[in-house]
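**Student:** Have a look at this fold, sequence not included:
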């Protein structure tokens with residue numbers, strides 16, 4: 001069995017390769033990655049630049065930290081949005097993202113998610129960030145991290161309230177330093 005420092009070293013080498021690939025990729029529009037601190041490959045700073053044609057968050061630039069555990073890729077990283085934190089059904093008030101693919105690879109004790117929806121070592125930083133961008137395109141209000149945002153999104157979809165769109169637009173302006 002490998003020691004934790006050996007697995008941490010292997011994780012670090014994998015992350016260095018993955019970061020280099022993402023920084024060189026020409027086909028990842030709207031995603032920019034770098035390190036929070038040059039001496040720590042396990043903590044990335046990410047900028048997600050949401051396409052202007054996105055219904056609610058179009059034009060927003062949202063900064064987040066993607067923090068990998070030493071046991072990566074066997075266990076998932078954590079993604080936490082930095083201030084201003086987007087008003088979104090799948091983002092907790094502290095900025096932490098709630099998305100199935102970042103939940104540990106085990107049975108869901110609440111029965112909301114199948115094991116196949118949770119973390120798998122086949123996921124990469126690229127697939128994670130593409131999934132996050134798709135959540136901005138189509139927020140999930142089924143098992144929300146932000147109950148108020150989910151309620152307002154449902155009301156928006158039903159045509160009974162436009163507050164969700166207003167809050168999202170404010171969020172976009174804040175992300176651009178306009179508020």
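**Tutor:** Thanks, I have the structure now. Predicted model, so just to flag it, every value in this text is computed and none were measured.
**Student:** Longest helix in the protein, please.
**Tutor:** Identified as the longest helix of the chain according to DSSP state H is helix 4-24.
**Student:** next SSE after that helix?
**Tutor:** Next along the chain after helix 4-24, taking DSSP states H and E as the criterion, comes strand 31-35.
**Student:** Can you name every helix or strand that the helix or strand following that following strand contacts?
**Tutor:** Later in the chain than strand 31-35, the nearest helix or strand by DSSP H and E is strand 43-49. When contacts are defined as 3 or more C-beta pairs under 8 Å, 6 or more residues apart in numbering; DSSP states H and E, strand 43-49 packs onto strand 31-35, strand 61-67, helix 125-137. For glycine as for every other residue, the C-beta is placed from the backbone atoms N, C-alpha and C.
**Student:** So which bits of strand 43-49 are buried?
**Tutor:** Within strand 43-49, the residues scored as buried using 16 or more other C-beta atoms under 10 Å are 44, 46, 48.
**Student:** now stretch 82-101
**Tutor:** 84-91, 95-101.
**Student:** how far does it sit from the chain's center?
**Tutor:** 8 Å (C-alpha atoms, centre = their mean, to the nearest Å).
**Student:** ditto for stretch 22-32
**Tutor:** Computed by C-alpha atoms, centre = their mean, the separation of stretch 22-32 from the middle of its chain amounts to 16 Å.
**Student:** All good on my end, thank you.
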